[in-house]
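Trainee: No sequence on hand, only this structure:
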Ligand code: PEP
């Protein structure tokens, strides 16, 4: 099981102290086979990587530029630069970035560039509320997966995060039946071995009790609740109790 913390535009050097609790929890629960990944803002990748050096918690970034080389892209960083400061993963295709204009084609270029740089990709897909109401969920997921992963034959570096846009930050999660259908639809898109498929959107220590029973889910991408170490640990604990 994966538990990925998405610290979106959150955290400063002081916040890193809160990770001591998580490190302690992890040391005390070595038998459990879960994988923890923190995706902080770029400003914290280096200090967080240093802090987590002797643990098996890994670090990822939240986005990267598609260009492999340096260039005139003020404010951006590419995957090579992220890898250089300690990132092993990068979240790509997050709906908050899609809403700012990233399309499937651009996300495909970013994924290719990240693979080339040696990063693993947390590739986000998911429908909007309007698309859900118009019963377009599968059509949207198929489009995002086919276009986003176009010409990427080796999917071993890909983890998919199913994040319905209407569920992110809203406190609302999909009905179990709908979630099962979407996760199995995503897995059915892969003829050979499917990548791991995570769920993301308003996961918390209460709804995890329902979510953990969906056997096809390989883990969770957690935004808001991951910013508080106690809440994050509670989610993990309740997944296994
Ligand atoms: C996210 O932004 O990826 C996310 C899952 O956010 P939240 O858990 O806050 O809904």
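Mentor: Received, thanks. Fair warning: this is a prediction, and the values are worked out from it, not measured in the lab.

Trainee: interface residues of the protein facing the ligand?
Mentor: Proximity of the chain to the ligand, by CB under 6 Å from any ligand atom, involves residues 6, 8, 163, 168-169, 200-203, 221-225. Every residue, glycine included, has its C-beta placed from N, CA and C.

Trainee: For residue 163, grab the count of nearby residues.
Mentor: By other CB atoms under 10 Å, 25 other residues sit near residue 163.

Trainee: where does residue 203 fall, phi/psi-wise?
Mentor: Torsion angles at residue 203 (phi, psi; degrees, to the nearest 10) stand at phi -70, psi 130.

Trainee: and which of the residues of the chain next to the ligand is nearest the ligand?
Mentor: residue 223 (2.2 Å; CB to the nearest ligand atom).

Trainee: Run through the bridge partners of the closest residue to the closest one other than its chain neighbours.
Mentor: Of all residues not flanking residue 223 in the chain, residue 6 sits nearest, at 4.7 Å (CB to CB, 6 or more residues apart in numbering). Beta-bridge partners recorded for residue 6 (DSSP bridges): residue 39.

Trainee: Pull the residues that contact the one helix or strand in the chain whose mean pLDDT sits lowest.
Mentor: The weakest-scoring helix or strand in the chain, judged by mean pLDDT, DSSP states H and E, is helix 19-28 (a mean of 94). Identification of contacts with helix 19-28 by CB atoms under 8 Å, 6 or more residues apart in numbering yields 36, 38, 48, 51-52, 55-57, 229-230, 232-233, 236.

Trainee: The residues you listed: which two are farthest apart?
Mentor: 56 and 230 (20.8 Å; CB to CB).

Trainee: Can you tell me the SS state at the residue lying farthest from the centre of the chain?
Mentor: Centroid-distance maximum for the chain: residue 72 at 27.9 Å, with CA atoms, centre = their mean. Under DSSP: H, G, I helix; E, B strand; the rest coil, the three-state class of residue 72 is coil.
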